[in-house]
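Chemist: This is a predicted model, with the sequence first.
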Amino acid sequence: MKKFLFLIIILLQFQSRCLSQDKGKILSDYLRKEMNEQKIPGLQVTVIKYNEIIFSESLGYANIPFSVNTNEKTIFSINSIAKVFAATAIMQLVEENKMDIADPISKHLEGLPKDWGEITIKQLLSHTSGLPDIEDPISGDLVGGKGQEFAWISLQKMPLQFKAGEEFNYNATNYLLVQRLIEKYCECPFEKFIEKRQFEIAEMSGATFGNSFDVVENKSPTYSYYYFDKAVGDYVLGNKLLEVSEEFPTMLRADAGAFSSAQELAKWVIALQTGKFLKDNRSLKKMWQPVELNNGGFGEFGGILNAYGLGWPVVKREKHPAVLPIGGGRAAFGIYPEDDLAVILLVNLSGVMTHDLVDKISKIYLSE
């Protein structure tokens, strides 16, 4: 009888491996098709099931001029995915009783404008604060164009955009203050806190913060087909592939400026879900809970990203709900908690709807 059961287990494991290989082939073919149609130079994909990597692949070129192939060590710009590192850091401090997300920010930060005082940490994290944006909506640069300190002074003279909780407005000011909260209690730069309390714990030796023009081992440039047309004052789609140069201000590293490989990011996702960052599972659920506006609605980017939690875009739906952080139109990863599944996709072409691709990839592994 024991021998018979052993044979059944071996057979089931073999069938599982075959099924996984079949799905891997389907995924690989799908990505090659998308790369060809969207002219994506290079990408990485990693699939996690039950907190184990079951598929990982690197395709295309990390560097086009030198024909350098993408490999598992290639790191990409993941831009705004830095927000989930920041949100997790806040929850780490909450668990240490340094703060509560319901606290007004004036309880922790001094010298703020009077009309900012009652805005809560939760409203910062969920982009429902109504704070003015420190980034110019047209140029994308810091307001005033005279550096970080001038922008901060100018920002504090600007009026609120709306009453806190009334609307959803995705802007960098929220995470500027999130970063200041973290730095107050860690007494170190934001990047150092994340490196020590998250990257080192997850054994992410390749993940880093910086600017696109920093020289970093194994880093792929970001490419784009869009260029700034001075005649129309906006970015226009062209036929020529360009290399993007981006500067991420140090005061906004909680908002953007992160770089990682899909393999490294997979380590972070696994560490998050296995309690290595947060001791209480309720902290994780609180981050992923969609935040309601005062009218009962939800802030959203549109499409499948129809709600927003604490730093985490949410796919709010009855079947296969997910959280799906995005970064710069070039990076996304989805966690499907009810399905014990996660999918990470990084590309080096700006302007790709990576979150839609991630959700389509998930369907390959959700189908039985």
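Modeler: Everything's here; your move. Just so it is clear, the structure is predicted and the values come from calculations on it, not from any experiment. Residues are numbered from 1 along each chain as shown.
Chemist: So residue 263: helix, strand or coil?
Modeler: helix (DSSP: H, G, I helix; E, B strand; the rest coil).
Chemist: for residue 229, phi and psi?
Modeler: The phi/psi pair for residue 229 (degrees, to the nearest 10) reads phi -100, psi 110.
Chemist: Next: the one 3 residues further on.
Modeler: Dihedral angles phi and psi of residue 232 (degrees, to the nearest 10) take the values phi -110, psi -10.
Chemist: Count the neighbours of it for me.
Modeler: 8 (other Cβ atoms under 10 Å). In this view, the C-beta of every residue, glycine as well, is placed from N, C-alpha and C.
Chemist: go on, the one 4 residues further on?
Modeler: Residue 236 is flanked by 11 other residues according to other Cβ under 10 Å.
Chemist: Is it in contact with residue 226, as I believe?
Modeler: Yes: Residue 236 is within contact range of residue 226, at 6.6 Å (criterion: Cβ atoms under 8 Å).
Chemist: Report the contact partners of residue 355.
Modeler: Counting by Cβ atoms under 8 Å, 6 or more residues apart in numbering, residue 355 touches 303, 304, 305, 313, 324, 326, 332, 334.
Chemist: again, 7 Å this time
Modeler: Listed by Cβ atoms under 7 Å, 6 or more residues apart in numbering, the contact set of residue 355 reads 304, 305, 324, 326, 332.
Chemist: Need the phi and psi values for the residue nearest to it when sequence neighbours are not counted.
Modeler: With sequence-adjacent residues excluded and distances taken as Cβ to Cβ, 6 or more residues apart in numbering, residue 355 is closest to residue 332, at 4.3 Å. Phi and psi for residue 332, reported as degrees, to the nearest 10, are phi -160, psi 150.
Chemist: same question, the one 4 residues further on
Modeler: For residue 336, the backbone dihedrals are phi -110, psi 90 (criterion: degrees, to the nearest 10).
Chemist: any idea what sits nearest it, other than its immediate chain neighbours?
Modeler: Nearest to residue 336 is residue 322, by Cβ to Cβ, 6+ apart, at 4.8 Å.
Chemist: And the one you found, how far from residue 316?
Modeler: 9 Å (Cβ to Cβ, to the nearest Å).
Chemist: so who does the most centrally placed residue in the chain touch?
Modeler: Residue closest to the mean C-alpha point of the chain, counted by Cα atoms, centre = their mean, is residue 81 at 2.0 Å. Counting by Cβ under 7 Å, 6+ apart, residue 81 makes contact with 258, 325, 327, 331.
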